[in-house]
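Asker: sequence unavailable; structure follows:
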Ligand SMILES: Cc1cc2nc3c(=O)[nH]c(=O)nc-3n(C[C@H](O)[C@H](O)[C@H](O)COP(=O)(O)O)c2cc1C
């Protein structure tokens, strides 16, 4: 039986190529260097058209429901969104509006965002962190924000274009590790994060 954490990565970007998805892939790559992970990657750029026309979970097509169940059953989430109008993208929020409100208790969530400049870096703490606090998820201490200047233009996509960003990614993962290592399954079942409160 594999002893891996189920990581679900969610990119709220609507673009392809995408700086946000590039950042999230780099974060996932850094996590994979440190932990045995079973990775499932969800891109709103692909999933969005299946979500956009549905106003309730009952209306969702099955492939979209399957992706939402992956989120609900994750051991660990890594989420990233571009800043749109000083917030997360509408489809990112729409996706999480379909996620069961009792399904993410204590699930660790690594937060990340990209924006046109550094002025909206607090989107992580003012928009993403409260959203996952609602779910009583465990938002990890260090989030990663990157602006357009942090990326290099590669043909046909983007790359991590600054050492400073690479260092922020490494720091976020390093600070996350104490919360994650204790969750590695020892017998194939999901482990509680903390000792039960008396
Ligand atoms: C509709 C729209 C709204 C945006 N609003 C903001 C904003 O409020 N603040 C900001 O810093 N950047 C804003 N941007 C820029 C994007 O956040 C930025 O280019 C991001 O890195 C794009 O990520 P992507 O390559 O994954 O699409 C906006 C871009 C779009 C298309």
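Answerer: It's in. These figures come from a predicted structure and were not determined experimentally.

Asker: contacting residues for the most centrally placed residue in the chain?
Answerer: For the chain, the residue nearest the mean C-alpha position is residue 79 (1.4 Å; C-alpha atoms, centre = their mean). By C-beta atoms under 8 Å, 6 or more residues apart in numbering, the contact list for residue 79 reads 9-12, 24, 92, 109-112, 128, 132. The C-beta positions use only the backbone N, C-alpha and C, and glycine is treated the same way.

Asker: for those, which one is nearest the ligand?
Answerer: residue 11 (7.2 Å; C-beta to the nearest ligand atom).

Asker: now do the phi/psi pair for the closest one.
Answerer: For residue 11, the backbone dihedrals are phi -100, psi 120 (criterion: degrees, to the nearest 10).

Asker: about what we covered before: ok so the residue nearest to the centre of the chain is a strand residue?
Answerer: Yes - counting by DSSP: H, G, I helix; E, B strand; the rest coil, residue 79 is located in a strand.

Asker: who in the chain is up against the ligand?
Answerer: 13, 15, 18-20, 82-86, 114-117, 119-120, 148 (C-beta under 6 Å from any ligand atom).

Asker: of these, which belong to strands?
Answerer: 82, 114-115 (DSSP state E).

Asker: select from those residues the one having the most neighbours.
Answerer: Counting neighbours by other C-beta atoms under 10 Å, residue 114 leads those with 29 neighbours.

Asker: hmm, that residue is touching residue 89, no?
Answerer: No - Residue 114 is beyond contact range of residue 89, at 10.9 Å (criterion: C-beta atoms under 8 Å).

Asker: does residue 96 touch residue 130 like I think?
Answerer: No - using C-beta under 8 Å, residue 96 is not in contact with residue 130; the gap is 11.7 Å.

Asker: good, wrapping up.
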